[in-house]
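S.K.: Need a 3D model of the sequence below.
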Amino acid sequence: MKTFYLTDSGKVRDHNEDSVTILKNESDEYLLIVADGMGGHRAGEVASSISVNHMGKKFSEMKTVGDKLEAINWMRDNISDINQEILDYTKEHPESMGMGTTTVMALVTAEYLLFGNIGDSSGFVYKNGKLTKVTKDHTLVNLLVAAGDLTEEEAKYHPKRNVLMKALGSSDKAELDIFDVEDKDYDGILLCSDGLTSMLTREQIEKVLNDEELEMEEQVVKLIRKSNARGGTDNISIAFLLRERGEEEW
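M.R.: Sure thing, here's the model as predicted:
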């Protein structure tokens, strides 16, 4: 297994509110996580770092996350704790009121692959040169599309396309969507903040990932450079896990 992650502030923002990491435990299980913070007075980066640091610390302390049901409960319980931690921080620091963060994660073990998501950061599986989005964005336009009030094409250019309906720190309860990926025959996993997906189409991302002349680290760097070349209007974070050729199982 090969992994690489990177974050960049982009071309417009004066600081980076994203956080990202990839961790491996004693049982060769992997946790990938990307969080995109929001809020004034640099509070967004506090919220995203709370999420990533909390999950990372809990994961590193465990020899294994256990079976699938145990892992699902572990993900949900920790997200609830993170939400409360962010709410407590805002009470202690009134100037950070309104801060929050998206969080998308992937938990990879020999037996299962789980994605967890709250907000509009994205999780994909990569197979045969194609990206398939696993997570669903918690945005206003996605609700309107699901209700039949907007087409997917209209949603792409809607003035409120970035309005979030869910985020950590936005309410007393945080519900994490869990996605169980049954198809284990895939080549990799890509997580990213919307700073990537708002600048590049899925086809443009695939083209970079399919460039066999580039190492995976170079592919991630190129994706960030291309996003910046197209405007870089937001922070950009990517976590990428790639199954090495000849590797029969996770």
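
S.K.: can you point me to the longest strand in the protein?
M.R.: strand 30-38 (DSSP state E).

S.K.: so what does that strand touch, helix or strand wise?
M.R.: strand 2-8, strand 18-24, helix 43-61, strand 100-101, strand 103-108, strand 188-192, strand 236-242 (3 or more CB pairs under 8 Å, 6 or more residues apart in numbering; DSSP states H and E). In short, each C-beta sits where N, CA and C put it, glycine included.

S.K.: pLDDT weak spots in this structure?
M.R.: 40-41, 153-155, 157, 159-160, 245-250 (pLDDT under 70).

S.K.: one more time with 50, if that's ok
M.R.: Along the chain, segments meeting pLDDT under 50 span 250.

S.K.: Run through the residues that contact residue 64.
M.R.: Residue 64 makes contacts with 25, 26, 27, 29, 109, as judged by CB atoms under 8 Å, 6 or more residues apart in numbering.

S.K.: can you check residue 68 too?
M.R.: Contacts of residue 68 (CB under 8 Å, 6+ apart): 111, 112, 114, 180.

S.K.: thought the second one was touching residue 179?
M.R.: No: using CB atoms under 8 Å, residue 112 is not in contact with residue 179; the gap is 11.1 Å.

S.K.: still on that earlier bit, sheet-wise, list the partners of the longest strand of the chain with their directions.
M.R.: Paired neighbours of strand 30-38 in the sheet (DSSP bridges): strand 18-24 (antiparallel), strand 100-101 (antiparallel), strand 103-108 (antiparallel).

S.K.: what about residue 181, neighbour count?
M.R.: 17 (other CB atoms under 10 Å).

S.K.: give me the number of residues near residue 216?
M.R.: Residue 216: 16 neighbours (other CB under 10 Å).

S.K.: again but with residue 19, I slipped
M.R.: Residue 19 has 27 neighbouring residues, counting by other CB under 10 Å.

S.K.: In this protein, which helix is the longest?
M.R.: As assigned by DSSP state H, the longest helix anywhere in the chain is helix 68-92.

S.K.: Okay, angle between that helix and strand 103-108 too, please.
M.R.: Using axes from the mean of the first three to the mean of the last three CA atoms, to 10 degrees, the direction of helix 68-92 lies 150 degrees away from that of strand 103-108.

S.K.: orientation of helix 68-92 relative to helix 43-61 in degrees?
M.R.: 140 degrees.

S.K.: Show me which parts of helix 68-92 are buried, residue by residue.
M.R.: 68, 71-72, 74-75, 78-79, 82-83, 85-87, 89-90 (16 or more other CB atoms under 10 Å).
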